[in-house]
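*Asks:* What follows is a predicted structure for the sequence shown.
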Amino acid sequence: MFHHIWAVLLYLCGILLNSIYQCPEHSQLTTEGVDGKEFPEPHLGQWYFIAGAAPTKEELATFDPVDNIVFNMAVGSAPMQLQLRATIRTKNGLCVPRKWIYHLSDGSTDLRTEGRPDMKTKLFSSACPGGIMLKETGQGYQRFLLYNRSPHPPEKCVEEFQSLTSCLDFKAFLLTPRNQDACELSSN
């Protein structure tokens, strides 16, 4: 009898705590943009990949060999298109160039990756100065990724990102080492 009362009491305490403590808000970016500039203009230019979070380590495995990644986001050659170029510095020192084309959804910041119909990317604001978060979902994975204009943002930014994603039950966490110099981004 005592065990049943104790279990009910703990259950009720859990419900109360759950209703009081909720994950902090992370707002999806809108097409109205930042500082009066319409999306995607404030998000064009150079970005550094800082950290990732996912429900499982397997969903972040693609980043295991990475030391750092530098990206450049530019307006694409067609309307409603963004071109993303990246150079990946692997832990063994190699530089690996990559390119993606994102298609914008009309009136939204949702991005679709050309050639990957299963992949969807949503952009979110970050409390971190110069930061942005992406949520990628695809066949068999979902992950949050933290980017910043600086290769070494304040530690508090990474801690807040980890806290938010953990609260959302994204328990696996990866922080890029960024021990080596970033590779040069190719111009083509």
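*Replies:* That came through fine.
*Asks:* do you know how far the most centrally placed residue in the chain is from Pro79?
*Replies:* For the chain, the residue nearest the mean C-alpha position is Leu145 (2.0 Å; C-alpha atoms, centre = their mean). Distance, Leu145 to Pro79, using C-beta to C-beta, to the nearest Å: 26 Å. Backbone N, C-alpha and C define where each C-beta goes, glycine included.
*Asks:* With Thr137 instead?
*Replies:* Distance of Thr137 to Pro79, computed by C-beta to C-beta: 25 Å.
*Asks:* More neighbours: which of these two?
*Replies:* Set Thr137 next to Pro79 and count neighbours by other C-beta atoms under 10 Å: Thr137 wins out with 13 against 7.
*Asks:* Could you give the bridge partners of the residue nearest to the more buried one when sequence neighbours are not counted?
*Replies:* With sequence-adjacent residues excluded and distances taken as C-beta to C-beta, 6 or more residues apart in numbering, Thr137 is closest to Lys120, at 5.1 Å. Note on Lys120: beta-bridge partners by DSSP bridges are Arg112, Thr137.
*Asks:* Next secondary structure after the helix or strand of the chain with the lowest mean pLDDT?
*Replies:* When the helices and strands of the chain are scored by mean pLDDT, DSSP states H and E, helix 2-20 comes last with a mean of 45. Per DSSP states H and E, helix 2-20 leads on to strand 45-54 as the next helix or strand towards the C-terminus.
*Asks:* which helices and strands sit right next to that next one?
*Replies:* With contacts defined as 3 or more C-beta pairs under 8 Å, 6 or more residues apart in numbering; DSSP states H and E, strand 45-54 has these neighbours: strand 66-75, strand 141-148, helix 155-167, strand 172-175.
*Asks:* So which of those is the most surrounded?
*Replies:* Stretch with highest mean neighbour count among the helices and strands packed on strand 45-54: strand 141-148 (a mean of 21; mean count of other C-beta atoms under 10 Å).
*Asks:* Run through the neighbouring helices and strands of that one.
*Replies:* Applying 3+ C-beta pairs under 8 Å, 6+ apart, one finds that strand 141-148 contacts strand 45-54, strand 131-138, helix 155-167.
*Asks:* same thing but 10 Å
*Replies:* Judged by 3 or more C-beta pairs under 10 Å, 6 or more residues apart in numbering; DSSP states H and E, strand 141-148 is in contact with strand 45-54, strand 66-75, strand 120-125, strand 131-138, helix 155-167, strand 172-175.
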